[in-house]
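In: Task: produce atomic coordinates for the following.
(one chain, ligands or ions: 1)
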Amino acid sequence: MPELPEVETVARGLALKMEGRTLVRVAQHRPNLRTPFPPGFVQRLTGRRVAGIGRRAKYVLVRLEPGSGSGNDTLLIHLGMSGSMVVSRGPAGAPGAHDHVVMETDDGAVVTFNDPRRFGLMDLIADGEVDSHPLLAKLGPEPLGNAFDADTLSARLAGKMTPIKAALLDQRVVAGLGNIYVCEALFRSGISPERSAASVAGKDAQRLVPAIRDVLTEAIAAGGSSLRDYVQSDGELGYFQHSFAVYGREGQACPGCDCDVARTGGVQRLVQAGRSSFFCARRQR
Ligand SMILES: [Zn+2]
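Out: Reported below is the predicted structural model:
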């Protein structure tokens, strides 16, 4: 499943190919993904110029300039579990089985949304309604934004008796964090995933916020190298190799302390609310 750094890489890659370009042809190959496409989806996109591309949480936001008889719209894209954006040179060939939307630009780029499991979605949001869109309205602050700091995080965790791991996955507390980067940020800040959310305040929050920012920023930088390859050759956006300190490393040596794996067991795995948490019991308290 793409996490925030992958989505940021998708947004940056699409920006390189689509910003300032006009969508000359749009094809939609099924009536719905996780949710139905909005009415007039193809008509509302065709002929529109792309003003800019950004990201909110794990949503890509494509801002469109006004078309004839319409105001500004924003195309919202969610990649779901298995979605990807594939860029190639036109003309577009016959769509593959899981190619659900194909957009062609006036300079010959073909942008295909492919999603085998169809947990992704697309929507069009009218001007001025982005912040109040049902998927976006309740989201907490962006973890890489200026509004996210130790005081903000502490205030949002105050009174919560749920484990800090679960609280950080709650998109209302902070937007866009998924299982991998929560595990990594808790490891880096030395905080046990089992601690109560409310207990993470003061110095703990001051360690956790930069840890969250750093793990995301480093992963985005790793995505940047895949982006450079992509710019030269097109291809699929959104998935790249990145190494983790604890995620997926149960039983391996902890990189943060001199673990004797035979004695300590190394990185441990714990299931919390149906999700695996990976952590070092020596380092994370
Ligand atoms: Zn350790």
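In: Quick check: the gap between Asp127 and the ion.
Out: From Asp127 across to the ion, the span is 50 Å (C-beta to the ion, to the nearest Å). C-beta: built from backbone N, CA, C; applies to glycine.
In: What of Gly178?
Out: Counting by C-beta to the ion, the gap from Gly178 to the ion is 23 Å.
In: burial count for that residue?
Out: Residues near Gly178, counting by other C-beta atoms under 10 Å, number 19.
In: Name the nearest residue to it, sequence neighbours excluded.
Out: Closest residue in space to Gly178, ignoring its immediate chain neighbours: Glu3 at 4.2 Å, by C-beta to C-beta, 6 or more residues apart in numbering.
In: Contacts only, for that neighbour.
Out: Lys58, Gly176, Leu177, Gly178, Ile180, Tyr181, Ala219 (C-beta atoms under 8 Å, 6 or more residues apart in numbering).
In: again, but for Leu208
Out: Ala150, Leu153, Ala185, Leu186, Ser189, Ile191, Val200.
In: For it, give me phi and psi.
Out: Torsion angles at Leu208 (phi, psi; degrees, to the nearest 10) stand at phi -70, psi -40.
In: Got the confidence number for it?
Out: On the pLDDT scale, Leu208 is placed at 98.
In: cool, and Ser233?
Out: 65.
In: Which parts of the chain are helices?
Out: 4-18, 41-45, 150-157, 164-169, 179-189, 202-233, 261-264 (DSSP state H).
In: which intervals of the stretch 101-250 of the chain have sub-threshold pLDDT?
Out: Residues of the stretch 101-250 of the chain meeting the criterion pLDDT under 70: 229-233.
In: excluding its backbone neighbours, what's nearest the residue in the stretch 51-200 of the chain that the ion sits nearest to?
Out: Residue nearest to the ion within the stretch 51-200 of the chain: Phe187 (8.3 Å; C-beta to the ion). On the basis of C-beta to C-beta, 6+ apart, the spatially nearest residue to Phe187 that is not a chain neighbour turns out to be Val246, at 4.6 Å.
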